[in-house]
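Participant: Take this sequence and fold it.
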Amino acid sequence: MSDVITLKATVREAGKKLQTLRNSGSIPASLFGRGIAPTNIALESREFTRAFKAAGENTIIVLSVEGQKPVNVLVKETQMHPLTNRYTHADFFQVRMDEVIEATVPLEFVGESAAITEGGGVLIKALDEVDVTALPANLPHTLKIDLSSLKTFDDVIKVGDIVLPTGVTIGNDVETVIALVEAPRTEADIAALDTKVDADVTKVEKSGKPAAEVTEETKK
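Facilitator: Purely as a prediction, here's the structure:
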């Protein structure tokens, strides 16, 4: 497991207006999990932003609620203000370290493709995250995808090519394509795109009846 990410919180006062809380530099949040009662909490906005930037939604955060024992959590959902892009709410899910969980892990593309650097191709990313199952301590923050294996325009990287850490299984179909390199367009390709297809619409007869009905009448 990587460096421990910690975060402090307080129990949110009942009846306190959420906007008042946000104006004071804090954000409201909820803590829930299997077998525990949901708890309304509050945490310092800047500290949450720091922790969430480091953890994302698939790395454990040690959450210390004032007066309670620290617990291991994952960020399950966040809300942001549409204009300020500041977090306005967060949901934390308390996990048990001995129970396997499902999570979505982003893909991190590394390396250089010869099909791009030498062949002038264009990288096509068909997938940017995958679903995994693992114990919380084994959840990877990201999964690296090495683009150096894309040497020609015929090469592809599939889900089955991902090197998984010990204890991690993947839920996506192993044949699903993650990335490939598309060959650069030739002058002929570009010319074909510029060619307009002209259709002669003068010979199209208008009729208020469906084509099938007209055909039946013609047969009578």
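Participant: what residues are up against the residue most central in space within the chain?
Facilitator: Computing the C-alpha centroid of the chain and ranking residues by CA atoms, centre = their mean puts Glu129 first, at 5.4 Å. Taking CB atoms under 8 Å, 6 or more residues apart in numbering, we find Glu129 in contact with 104-107. Any C-beta I mention is one placed from the backbone N, CA and C, and that applies to glycine too.
Participant: If we use 6 Å, what do you get?
Facilitator: Taking CB atoms under 6 Å, 6 or more residues apart in numbering as the criterion, Glu129 is in contact with 104, 106.
Participant: what pairs with it across the strands?
Facilitator: Here Glu129 sits in beta bridges with Pro106, going by DSSP bridges.
Participant: And it, how far from Val159?
Facilitator: 11 Å (CB to CB, to the nearest Å).
Participant: remind me which residues of this protein are low pLDDT?
Facilitator: Residue ranges of the chain with pLDDT under 70: 1-2, 186-191, 193-220.
Participant: Repeat the analysis, applying 90 as the threshold.
Facilitator: 1-3, 13-17, 19-21, 34-37, 67, 84-85, 184-220 (pLDDT under 90).
Participant: in the longest helix along it, what's buried?
Facilitator: Determined from DSSP state H, the single longest helix within the chain is helix 45-55. Buried residues in helix 45-55, counted by 16 or more other CB atoms under 10 Å: 45, 47-48, 51-52, 55.
Participant: What's the first helix or strand after it?
Facilitator: The helix or strand immediately downstream of helix 45-55 is strand 61-65, counting by DSSP states H and E.
Participant: Thought Ile157 was touching Val174, still the case?
Facilitator: No. In this structure, Val174 is not within contact of Ile157 by CB atoms under 6 Å, at 11.7 Å.
Participant: Which one's more surrounded, these two?
Facilitator: Neighbour comparison, Val174 and Ile157: the larger count goes to Ile157, with 23 against 10 (by other CB atoms under 10 Å).
Participant: would you say that one is within a strand?
Facilitator: Yes. Per DSSP: H, G, I helix; E, B strand; the rest coil, Ile157 lies within a strand segment.
Participant: Distance of it relative to Leu123?
Facilitator: Distance from Ile157 to Leu123, by CB to CB: 11 Å.
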